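In: sequence and computational prediction follow.
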Amino acid sequence: MTDPFRLPFHYGALHQIGVDWLVDPGPVRELLAKRHPELSAAVFDDGRALVSFNYQLYFAQYPFGGGVTQEIELNVIAFPTAEAGRLPKLSYAQYAQGWDQTKLLGIARLHVVCDNPFAIRAGRELYAEPKVPGWFEVLLPSLNGPAGRTWTVRCKAGEVAADDSLRQLPAPLLDLTAKLDGLDSAPANSAPVTGYGTDPEGRLLAGPMNVYQPYDWYDLSAPELAGRTQLTLHDPYGELGRDLRFLLPADAPAAGAWTYQSAPVAAHNRPYYLPTGPRG
């Protein structure tokens, strides 16, 4: 392994929201042929493919201290074409809850935007991720905030400076909102999640990620839930925006959403006053 990277990479905490859309497989296949030619699009309900968009906030501890990273991924669900004979036939709901025992149905990354230059380099060099700089403004469910299950993520453009720091640019790229308040969720044992990348030589990489608790999956297929998620493009003609418009029809309803939030490991409790002064 090339320094300074060490594998596996251990997450100290992870908070994640993902939104899935069932779409026409034609555009998905076209992009896969360009970006990941050894992969084929998975097909689910009514012959549709799956586009998945997710945000991650994670903490990692290093010998020199700690670091916090945020990123978003635009993925399509795909599998190695040579392994087609091993795949189970699943509905989207079954896939989302982890029924694929082969774990060949993985995320083919099309775009990754990240606010940590070290993580950008690691993603590119280790996993062949198409990772670029950006930064985030977020409102997330938190035990240290008001009750609720609404996630709001704004992604803005960035660049890596000569000293390897992140320079924040003012231009917004996109917003994602998921209003999950009042909805029931089902535990989804979908890990390990296989992430696919294609390196500059055209070789296909598969990188599994273990998550040690189930995800919470929300079925959003009912028509009355169509307004629970919203994806807004502010840069529709950039590369990320063009691909999103190519894959997703305007105002396409989400099929489902999934979340993961690390459990707290400690709590600093409310203070209280002690009696002072002379004792009788």
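Out: Arrived safely. Numbering: from 1, shown residues only.

In: A226 contacts A252, correct?
Out: No - in terms of Cβ atoms under 8 Å, A226 does not count as a neighbour of A252; the distance is 9.2 Å. Any C-beta I mention is one placed from the backbone N, CA and C, and that applies to glycine too.

In: looking at these two, which has the bigger crowd around it?
Out: Neighbours per residue, other Cβ atoms under 10 Å: of A226 and A252, the larger number sits with A252, 16 against 13.

In: count the neighbours of A119 for me.
Out: Using other Cβ under 10 Å: A119 sits among 20 other residues.

In: ok, L233 next?
Out: Around L233 there are 18 residues (other Cβ under 10 Å).

In: state the pLDDT value of it.
Out: The model reports L233 with a pLDDT of 95.

In: got the contact list for it?
Out: 173-174, 241, 244-245 (Cβ atoms under 8 Å, 6 or more residues apart in numbering).

In: just checking, next helix/strand downstream of whichever strand or helix holds V76?
Out: Per DSSP states H and E, V76 falls inside strand 65-80. Sequence order places helix 92-96 as the next helix or strand after strand 65-80, per DSSP H and E.

In: mind giving me the packing neighbours of that next one?
Out: Under the contact criterion of 3 or more Cβ pairs under 8 Å, 6 or more residues apart in numbering; DSSP states H and E, helix 92-96 touches strand 13-23, strand 256-261.

In: buried residues in it?
Out: 92-93, 95-96 (16 or more other Cβ atoms under 10 Å).

In: mean confidence for it?
Out: 97.

In: how far does it sit from its chain's centre?
Out: 17 Å (Cα atoms, centre = their mean, to the nearest Å).

In: try stretch 191-208
Out: Counting by Cα atoms, centre = their mean, stretch 191-208 comes out at 15 Å from the chain centroid.

In: residues contacting it, please?
Out: 35-39, 78, 80, 98, 103-109, 126-130, 209-212, 215.

In: now the residues you listed: which count as buried?
Out: 35-36, 39, 78, 80, 98, 104-109, 126-130, 209, 211, 215.

In: three-state assignment of the most centrally placed residue in the chain?
Out: Centroid check for the chain by Cα atoms, centre = their mean gives N54 as the closest residue, at 2.8 Å. At N54, secondary structure determined by DSSP: H, G, I helix; E, B strand; the rest coil is strand.

In: hmm, it is touching H111, no?
Out: No - the criterion here is Cβ under 8 Å, and N54 misses it with H111 at 11.5 Å.

In: what is in contact with those two at once?
Out: 72-73.

In: can you redo the helices and strands packed on helix 92-96 as TSV with mean neighbour count, distance to S190 and mean pLDDT?
Out: Output for the helices and strands packed on helix 92-96, formatted as TSV (neighbours: other Cβ atoms under 10 Å; distance: least, Cβ to Cβ, whole Å; pLDDT from 0 to 100):
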stretch	mean neighbour count	distance to S190	mean pLDDT
strand 13-23	21	10	98
strand 256-261	23	8	98
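
In: okay if I get those strands as CSV plus distance to G158?
Out: Compiled in CSV, these are given as follows (distance: least, Cβ to Cβ, whole Å):
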stretch, distance to G158
strand 13-23, 20
strand 256-261, 25
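
In: to W135, which of these lies closest?
Out: strand 13-23 (16.6 Å; Cβ to Cβ).

In: what angle separates that closest one from strand 65-80?
Out: Taking axes from the mean of the first three to the mean of the last three Cα atoms, to 10 degrees, strand 13-23 and strand 65-80 form an angle of 30 degrees between their directions.

In: neighbouring strands for strand 13-23, and are they parallel or not?
Out: strand 49-62 (antiparallel), strand 256-261 (antiparallel) (DSSP bridges).

In: can you give me the helices in the protein?
Out: Along the chain, counting by DSSP state H, helices occupy 25-35, 92-96, 117-127, 239-247.

In: nearest to S142, of these?
Out: S142 lies closest to helix 117-127 among the helices of the chain, at 22.3 Å (Cβ to Cβ).
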